[in-house]
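Student: From the sequence below, what's the structure:
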Amino acid sequence: MLILSIPYLNPEFIIEQSADNKYTWKEYRLDYQQNIDDFPFEVLDSSSIVTIRDSSEGGINEIPKKNKIRVYLEVISKYNCLADYEIQHYESNLINPQNLILSYHDFSEQINHSKLETTIKRMNRFEAKFVKIALTINSYSELLQIHELIKTSNKPVIFAGMGKLGKISRLLYKHLGAAGTFIGLDAMPTATGQLTVKEVESYSLHKISNLSQLGGIIGGVQIENSLGLRFYNDFFQQTDHDAFYFPFVVEKIADFKNWFEHCTFKDKFYGFSVTMPFKRHISPSNQPINLLLPKSKAYHNTDLIAFKKAIEKLEIDFETSILIFGNGGSAETATEALKNYKNVRICARKEKSNFNTEREIISIEKAQKMKFDLLINCTPIGMNEEDFIKETGITNFNKVIDLPYQIESTKLI
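Tutor: Numbers count the residues shown, from 1 in each chain. This next block holds a predicted model:
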């Protein structure tokens with residue numbers, strides 16, 4: 001159940017957006033305007049959700065309670081639609097239970113689990129069609145608790161994650177036990193962490209079920225631009241596989257590992273790509289890897305194969321002067337791929353390597369004065385439109401292997 005949330009900007013905008021029949025369920029956020037009586041109510045039907053929030057619930061304009069209730073009762077009577085009402089303000093028998101969504105919003109940076117547990121128990125005492133839970137999710141460990149709390153609801157839950165992990169929590173809504181989640185118009189989300197229509201369609205999220213196989217890429221925020229997201233999801237759709245490839249943005253790898261170890265749908269994961277800065281933090285041996293297959297507990301470093309093929313394609317001679325820029329897992333793999341090459345140096349901002357190597361480690365100042373036949377950039381420089389040459393001052397090289405990825409080429413290549 002994917003619910004398209006549409007802000008009430010003006011009547012014409014609502015009519016235009018309502019004409020799109022791609023999404024059966026639509027939420028109309030009437031609190032985006034002060035005068036809600038000008039809303040084109042004729043667009044409503046039994047798959048519509050009318051929402052009027054006040055500021056404490058994330059609303060835009062303050063709508064008097066009596067006006068909110070009046071509109072809710074009128075549209076339910078005429079269009080049999082649903083109305084969203086915050087649990088803390090709800091009074092018994094105010095709205096027909098078959099037309100009611102009881103909602104709970106907590107915008108705090110940390111979830112108050114005791115309060116949430118108490119709120120779900122209170123929601124269980126009321127009759128309603130759905131309950132909605134909207135929370136800020138900033139750690140994977142919180143997903144474990146959310147999954148367990150959703151199970152305690154006696155009504156279907158619409159879950160809306162916000163915050164740093166809002167998007168991945170919404171992508172996983174089915175596996176977390178929720179009946180639905182909210183998505184937003186491109187460039188016009190109605191909540192933080194909301195997936196856009198473009199993102200939802202790129203994942204074909206409307207096809208997901210709690211039986212679908214899951215995987216994705218583990219890394220920093222840069223992975224949201226990973227070319228693999230489109231490649232693998234397109235492949236799964238074209239080959240009719242019930243599988244999805246998602247971006248798992250991680251701040252603390254221990255947090256992610258704890259979540260995955262205790263995840264009750266762990267058996268649904270086929271594998272993960274691993275990228276910077278965690279290539280050396282996934283395997284038990286702390287060796288750099290870029291592929292994790294959890295079902296077989298296998299760890300692979302296909303980057304080594306890729307480096308060797310790239311070096312071969314660039315026709316790099318064994319006497320060639322080579323600079324590896326970086327000192328993380330990718331730099332270690334590049335060093336291993338070049339173990340038979342004589343003239344290899346490593347340049348790192350800290351002038352020391354994070355891995356054992358007999359190669360010469362030079363400063364940026366020294367690298368700026370030298371000439372290289374091949375530069376290998378093993379850092380994120382370039383991923384966010386940075387200019388590698390301006391950032392480092394290293395200018396004298398003939399060929400490049402540039403690891404940061406962009407939809408278009410980086411400034412270095």
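Student: Was I right to think residue 331 contacts residue 361?
Tutor: No. The pair residue 331 / residue 361 is not scored as a contact, 10.4 Å apart, by CB atoms under 8 Å. For every residue, glycine as well, the C-beta is placed using N, CA and C.
Student: if you count what's nearby, which of the two comes out ahead?
Tutor: residue 331 (28 against 16; other CB atoms under 10 Å).
Student: all helices of the chain, in order?
Tutor: Under the criterion DSSP state H, the chain contains helices at 11-18, 65-79, 113-125, 140-151, 166-171, 197-203, 227-238, 253-262, 302-313, 329-337, 364-368, 388-392.
Student: Make a markdown table from those and add distance to residue 52 and mean pLDDT to it.
Tutor: Output for these, formatted as a markdown table (distance: least, CB to CB, whole Å; pLDDT from 0 to 100):
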| stretch | distance to residue 52 | mean pLDDT |
| --- | --- | --- |
| helix 11-18 | 14 | 93 |
| helix 65-79 | 5 | 93 |
| helix 113-125 | 19 | 93 |
| helix 140-151 | 25 | 93 |
| helix 166-171 | 23 | 96 |
| helix 197-203 | 23 | 94 |
| helix 227-238 | 36 | 94 |
| helix 253-262 | 36 | 94 |
| helix 302-313 | 52 | 92 |
| helix 329-337 | 51 | 90 |
| helix 364-368 | 57 | 93 |
| helix 388-392 | 49 | 92 |
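Student: check contacts around the residue lying farthest from the centre of the chain.
Tutor: Taking CA atoms, centre = their mean, the residue of the chain most remote from its mean C-alpha position is residue 319, at 44.1 Å. Residues near residue 319 by CB atoms under 8 Å, 6 or more residues apart in numbering: 342-343.
Student: If you count neighbours, what's buried in stretch 245-263?
Tutor: 245-250, 255-256, 259-260, 263 (16 or more other CB atoms under 10 Å).
Student: and that stretch, how far out from the chain's middle?
Tutor: In terms of CA atoms, centre = their mean, to the nearest Å, the centre of stretch 245-263 is found 12 Å from the chain centre.
Student: now, which of the buried residues of stretch 245-263 sits nearest residue 59?
Tutor: Of all these, residue 249 has the smallest distance to residue 59: 28.4 Å, by CB to CB.
Student: Any idea what the closest one is bridged to?
Tutor: residue 219 (DSSP bridges).
Student: Surely it and residue 217 touch.
Tutor: No. Contact criterion CB under 8 Å: residue 249 and residue 217 do not qualify, at 9.2 Å.
Student: list residues touching both of those two?
Tutor: Residues within reach of residue 249 and of residue 217 at once, by CB under 8 Å, 6+ apart, are residue 223.
Student: domains for this protein, by residue range?
Tutor: For the chain, automatic domain parsing gives the domain ranges 2-210, 212-300, 312-402.
Student: returning to what we had before: what score does the residue farthest from the centre of the chain have for pLDDT?
Tutor: Note for residue 319: predicted pLDDT of 89.
Student: Residue 352 now?
Tutor: At residue 352, pLDDT is 69.
Student: again, but for residue 407
Tutor: Taking residue 407 on its own, its pLDDT is 65.
Student: In the stretch 151-300 of the chain, mark out all the strands, start to finish.
Tutor: 157-162, 181-184, 195-196, 213-219, 243-249, 269-274, 291-293, 298-300 (DSSP state E, counting those that start in this stretch).
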